[in-house]
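Participant: Below: sequence and its predicted model.
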Amino acid sequence: MATLVLDHLNKIYKPRGRAPVKAVDDVNLASADGEIIGLLGSSGCGKTSTLRMIAGFEDVSSGTIRIGEQPIQQTAPARRGVAMAFEGYALYPPLKIEDNIGFALLRQRMPRAEVRKRVRDIAELLEIQPILERYPPTISAGQQQRASLARALVRRAPVSLLDEPMSQLEPQLRAILRARIKDYLAAHQMTTVFVTHDQTEAIALADRIAVMEKGVLQQFASPAELKERPANLFVASFIGEPPMNVVQAEIGTTRGARVVQLFDRAGEPSFTLPIGGLGQDQIPLAPGKVILGIRPHRITLADQGLQGRIQSNQWLGDQTHLLIEVNGIPLTVVTHRRIPGRIGDNLAIEIPPRALHLFEPASGRALLHGGDAVRAAA
Ligand SMILES: Nc1ncnc2c1ncn2[C@@H]1O[C@H](COP(=O)(O)OP(=O)(O)OP(=O)(O)O)[C@@H](O)[C@H]1O
């Protein structure tokens, strides 16, 4: 167990004959001891480059990486106290899976019997006991991936790095292993960074998630915080399934009361929502254009309220996803009830103040989270 710190970390690739690529842009991040961190973002956002710099397989362009108090970017990969599970597995073909997994422990001169026990235990956890006697080229991609993961986890290194550790596994097995891996990491207090582009995986496994986009760390926070208090419109739209509703809007006043005026896709004024209680004391909300975010789960169905028309209605077994058009604005709504309405039927909704998130149009920066303002006013 150790802390991991990334301090103004940058990676610029300079491919021959092509323009330089800034893959990692001034990333700052500090883990707690034994913390599990998910690096989450879409393809090409710099997750793997960050992981490979920590492991020592990629040079740092500038900035510092520290494990504990120790800067490590000049230290050889094998001496960093880092164990990595590679996306491409990187198993040694001439060694049996058991020997692949135990290799680093034997090199540390751990007694053979102890290595064997540790390897057997991790193999059981990852359900690969039946292939321990086999060689890498003779097993499936999913088995190779679990062998590679076992080889990293068995070491209980100060820092473990896992690159898309379960991408080859079917969803059911992935969900089971996720829970077991989380237990294992917590039991051994293993500081871990794992890369994923799957937000369900990030939310299930991580204590905190670092959301990256275009090499820039957008927010580093707990899953709940990312949902309730997204730092900007990118995080707000990226985290949450189905994604947040995003509507052009304007803060104004109607008959002395503060409201947010929503606009439809053609830029025509649609309906207004009262926001009298939000941010009244702090007054962070000057009149003017904003982007309004509304989480689908926070919209409620009501007997009376905003009148809408159903555009789609899907029951997914445990929740209903509705698309409801309210005066030219389509809104996704999620409810855990089964809703009988058909396409074209009328349905009324309510959008409580705590459902609202307001963002600055130019920068996307969050201005106000309705939940915070409602809590502050209570
Ligand atoms: N060796 C390289 N030379 C030049 N550019 C590179 C190199 N490796 C990565 N890049 C570029 O750097 C950026 C970040 O790549 P990186 O692999 O870190 O992203 P990622 O988030 O891990 O993506 P993915 O999820 O697809 O693996 C991308 O634009 C990529 O094309």
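Facilitator: Received, thanks.

Participant: what does the stretch 101-250 of the chain put close to the ligand?
Facilitator: For the stretch 101-250 of the chain, the residues in contact with the ligand (Cβ under 6 Å from any ligand atom) are His197. All C-beta spots, glycine's among them, are computed from the backbone N, C-alpha and C.

Participant: Closest residue of the stretch 101-250 of the chain to the ligand?
Facilitator: Closest residue of the stretch 101-250 of the chain to the ligand, Cβ to the nearest ligand atom: His197 (5.3 Å).

Participant: what do you get for the stretch 251-378 of the chain?
Facilitator: Per Cβ to the nearest ligand atom, Gly364 is where the stretch 251-378 of the chain lies closest to the ligand, at 19.9 Å.

Participant: what residues are up against that residue?
Facilitator: Neighbour list for Gly364: Asn232, Leu233, Phe234, Ile291 [criterion: Cβ atoms under 8 Å, 6 or more residues apart in numbering].

Participant: my guess is the third one contacts Gln218, does it?
Facilitator: This means Phe234. Yes. Contact criterion Cβ atoms under 8 Å: Phe234 and Gln218 qualify, at 5.4 Å.

Participant: now Asp303, nearest residue through space, not along the chain?
Facilitator: Spatially, and ignoring its direct neighbours in sequence, Asp303 is nearest to Ala348 (6.6 Å; Cβ to Cβ, 6 or more residues apart in numbering).

Participant: And stretch 57-71, what's buried?
Facilitator: Glu58, Val60, Ser61, Gly63, Ile65, Arg66, Ile67 (16 or more other Cβ atoms under 10 Å).

Participant: and what of stretch 340-360?
Facilitator: By 16+ other Cβ under 10 Å, the buried positions in stretch 340-360 come out as Leu347, Ile349, Ile351, Pro353, Arg354, Ala355, Leu356, His357, Leu358, Phe359.

Participant: contacting residues for the third one?
Facilitator: If I follow you right, that is Ile351. Leu273, Ile294, Arg298, Ile299, Leu306.

Participant: ok, 10 Å please
Facilitator: Counting by Cβ atoms under 10 Å, 6 or more residues apart in numbering, Ile351 touches 245, 260, 262, 271, 273-274, 292, 294, 298-300, 302, 305-306, 326, 331, 333, 370.

Participant: Next: the second one.
Facilitator: Taking Cβ under 10 Å, 6+ apart as the contact definition, Ile349 lies against 299-302, 305-308, 322, 324, 326, 331, 333, 335.

Participant: Among these, name the ones in helices.
Facilitator: Using DSSP state H, no member of these falls in helices.

Participant: where's the dip in pLDDT among these?
Facilitator: Among the contacts of Ile349, Gly305 carries the lowest pLDDT, at 88.

Participant: these two touch, right, that residue and Ala348?
Facilitator: Yes. The pair Gly305 / Ala348 is scored as a contact, 4.2 Å apart, by Cβ atoms under 10 Å.

Participant: between the two, what contacts are shared?
Facilitator: Common neighbours of Gly305 and Ala348, using Cβ under 10 Å, 6+ apart, are Val326.

Participant: Wasn't Leu106 part of a helix?
Facilitator: Yes. Counting by DSSP: H, G, I helix; E, B strand; the rest coil, Leu106 falls inside a helix.

Participant: And it, how far from Asn100?
Facilitator: Distance of Leu106 to Asn100, computed by Cβ to Cβ, to the nearest Å: 11 Å.

Participant: These two: which is more packed in?
Facilitator: Neighbour comparison, Leu106 and Asn100: the larger count goes to Asn100, with 24 against 14 (by other Cβ atoms under 10 Å).

Participant: contacting residues around the more buried one?
Facilitator: Going by Cβ under 10 Å, 6+ apart, Asn100 touches 89-94, 119, 132, 135-136, 144, 147-148, 150-151.

Participant: cool, and Leu106?
Facilitator: Here Leu106 is in contact with Asp99, Arg112, Val115, Arg116, Val119 (Cβ under 10 Å, 6+ apart).

Participant: Show me what secondary structure element comes after the helix or strand encompassing Leu51.
Facilitator: Assigned by DSSP states H and E, Leu51 belongs to helix 47-55. Downstream of helix 47-55, the first helix or strand assigned by DSSP H and E is strand 62-67.

Participant: hey, C-alpha coordinates of that following strand in PDB?
Facilitator: Only the C-alpha atoms of strand 62-67 are listed here, as PDB (Å, rounded to 0.1, in the frame of the first residue of the first chain):
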ATOM      1  CA  SER A  62       7.200  16.800 -17.900                       C
ATOM      2  CA  GLY A  63       5.900  16.600 -14.400                       C
ATOM      3  CA  THR A  64       6.400  14.300 -11.500                       C
ATOM      4  CA  ILE A  65       5.100  10.900 -10.400                       C
ATOM      5  CA  ARG A  66       5.500  10.000  -6.800                       C
ATOM      6  CA  ILE A  67       4.800   6.700  -5.000                       C
END
